[in-house]
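Novice: got a predicted model here, sequence first, then my questions.
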Amino acid sequence: MSGDRVAVIWRSCLLPGSETFVRNQADALPTWRPVYLGAVRVVSPLSRDSDVVLCPDTPRGLTGGSPRLRRLLARLRPGVVHAHFGGDGWLVSRAAEQLGIPLVVTLHGLDVTRQAAAPGPRGARHRRNLRTMFGRAALILAVSGAIRDRAVALGADPEKIRVHHTGVPLPPEPAAGPKRWDVVFVGRFVEKKGIEDLVEALGMLSELRPRVLLVGTGPLHERVRARAAQLGVDATFPGALPPPEVMRHIAEARLLAAPSRTASDGDTEGLPTTILEAFSLGVPVVATYHSGIPEAVTHEANGLLCAEGDRPALAANLRRLLTDAPLRDQLGKAARHRAETDFDLHQQTRRLESLYDSLLPPP
């Protein structure tokens, strides 16, 4: 494969265990060869010996003008550099510009919400860096229309930015077999994931006593666990799990709950990958009208939605889906069809490659 078909995938911290979407997307490139480049290695199930790491210890002192980064990029000679998250896009943008390498940046959510809304000098610096990156990037990808609109409001050129759904791998068939769980939640235990709303809503379903699996860790973990026990919620807390185990548990669930909300610091979702993973398995979703979620979940078509933070409405949707098997089946089939149509990883990655190709100089 020729050198101009190399895509450097840049993530300064390579790679947190929650960012399966980065690996899945680049690994699925059919004709371009991904080379993963980061500032530091993160010990996680997604870490690989083949990852190229710039700094052995910490990225302290790493700036957008790092000569080491520029030399390494020059040696790799990629056709494009694809950075994930706005801050990382800024970090690599000067080196890419100096070397004449087209830069693609995917915006995922917090980069144009919480970080951009931070008060004081920190927020001002992040917004300034975003504007610099917007100017240097050849192409900006947003994981949802809501994130695209936020980026444009922060100064991104509408002509440079487009919505591109990363997609998820599609199993050959939807999930089949017995259901071990009534409700599964997968995500960090942080405010924007709505985990506290979910536990309170589950506490309103005492007559159903649903079997609940809450997968993940985070700062709210102990508080959520204590509240679930106080409310008598039959909840299991396995912590963070490897992606194959997460998929197995979603397949064994009657529904996935994704009650995301805007956090008090402005942190917002893009479009949660777990929703797309549930769709791929034919598992219906109970979620909220939050950010990019309604771009995938259509109320009463392939899932149920309510206003973010509305715990009684969330409880009502959970109860409705748990007690209506024909509706679960109908919504699950529609969810799988939507995944096949719009969120198939391989279909989406072919589209990504055509975007890469459009940035290359004519032969």
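Specialist: Everything's here; your move.
Novice: domains in this structure, as residue ranges please.
Specialist: 3-167+344-359, 181-342 (automatic domain parsing).
Novice: the first one: how far from the chain's middle?
Specialist: Same thing as domain 3-167+344-359. Its chain's C-alpha centre and that of domain 3-167+344-359 lie 14 Å apart, by C-alpha atoms, centre = their mean, to the nearest Å.
Novice: shaky segments in this protein?
Specialist: Applying pLDDT under 70 to the chain picks out residues 1-4, 56-64.
Novice: quick one: the helices in it?
Specialist: With DSSP state H as the definition, the chain shows helices at residue ranges 20-27, 67-76, 86-99, 114-117, 120-136, 145-153, 195-203, 221-231, 243-251, 273-280, 311-323, 325-342, 345-359.
Novice: who wins for proximity to E173 among the domains of the chain?
Specialist: domain 181-342 (8.4 Å; C-beta to C-beta). All C-beta atoms are positioned from the backbone trio N, CA, C, and that covers glycine.
Novice: quick one: end-to-end distance for that closest one.
Specialist: 27 Å (C-alpha to C-alpha, to the nearest Å).
Novice: now stretch 160-172
Specialist: Its first and final residues considered, stretch 160-172 spans 35 Å by C-alpha to C-alpha.
Novice: residues of that stretch that come out buried?
Specialist: By neighbour count on 16 or more other C-beta atoms under 10 Å, the buried set for stretch 160-172 is 160-161, 163-170.
Novice: for it, what is the distance to the chain centroid?
Specialist: On the basis of C-alpha atoms, centre = their mean, the separation between the geometric centre of stretch 160-172 and that of its chain is 10 Å.
Novice: again with stretch 170-182
Specialist: In terms of C-alpha atoms, centre = their mean, the centre of stretch 170-182 is found 22 Å from the chain centre.
Novice: can you list contacts of that stretch?
Specialist: When contacts are taken as C-beta atoms under 8 Å, 6 or more residues apart in numbering, the neighbours of stretch 170-182 outside the stretch itself are 208, 210-213, 247, 249-255, 280-283, 322, 332-333, 336, 339-340, 344-346.
Novice: same question, stretch 125-139
Specialist: Outside stretch 125-139, the residues within contact range by C-beta under 8 Å, 6+ apart are 64, 80, 86-87, 89-90, 93-94, 96-97, 102-105, 111-112, 115-116, 118, 140, 151, 154-157, 160-162, 355, 359.
Novice: any chance of a ChimeraX selection covering the buried ones in those residues?
Specialist: Of the contacts of stretch 125-139, the buried ones can be selected in ChimeraX as follows, counting by 16+ other C-beta under 10 Å:
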select :64,80,86,87,89,90,93,94,96,97,102,103,104,105,111,112,115,116,140,151,154,156,160,161,355
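Novice: contacts only, for the nearest residue to P272 once chain neighbours are set aside.
Specialist: Sequence neighbours aside, A258 is the residue nearest to P272 in space, at 5.5 Å (criterion: C-beta to C-beta, 6 or more residues apart in numbering). With contacts defined as C-beta under 8 Å, 6+ apart, A258 is in contact with 185, 187, 193-194, 272, 274-275, 278, 285-288, 293.
Novice: cutoff 6 Å now
Specialist: Neighbouring residues of A258 by C-beta atoms under 6 Å, 6 or more residues apart in numbering: 272, 275, 285, 287.
Novice: next one: L213
Specialist: For L213, the set of contacting residues under the criterion of C-beta under 6 Å, 6+ apart consists of 181, 184, 236, 249.
Novice: show me what it is bridged to.
Specialist: Beta-bridge pairing of L213 under DSSP bridges involves V184, T236.
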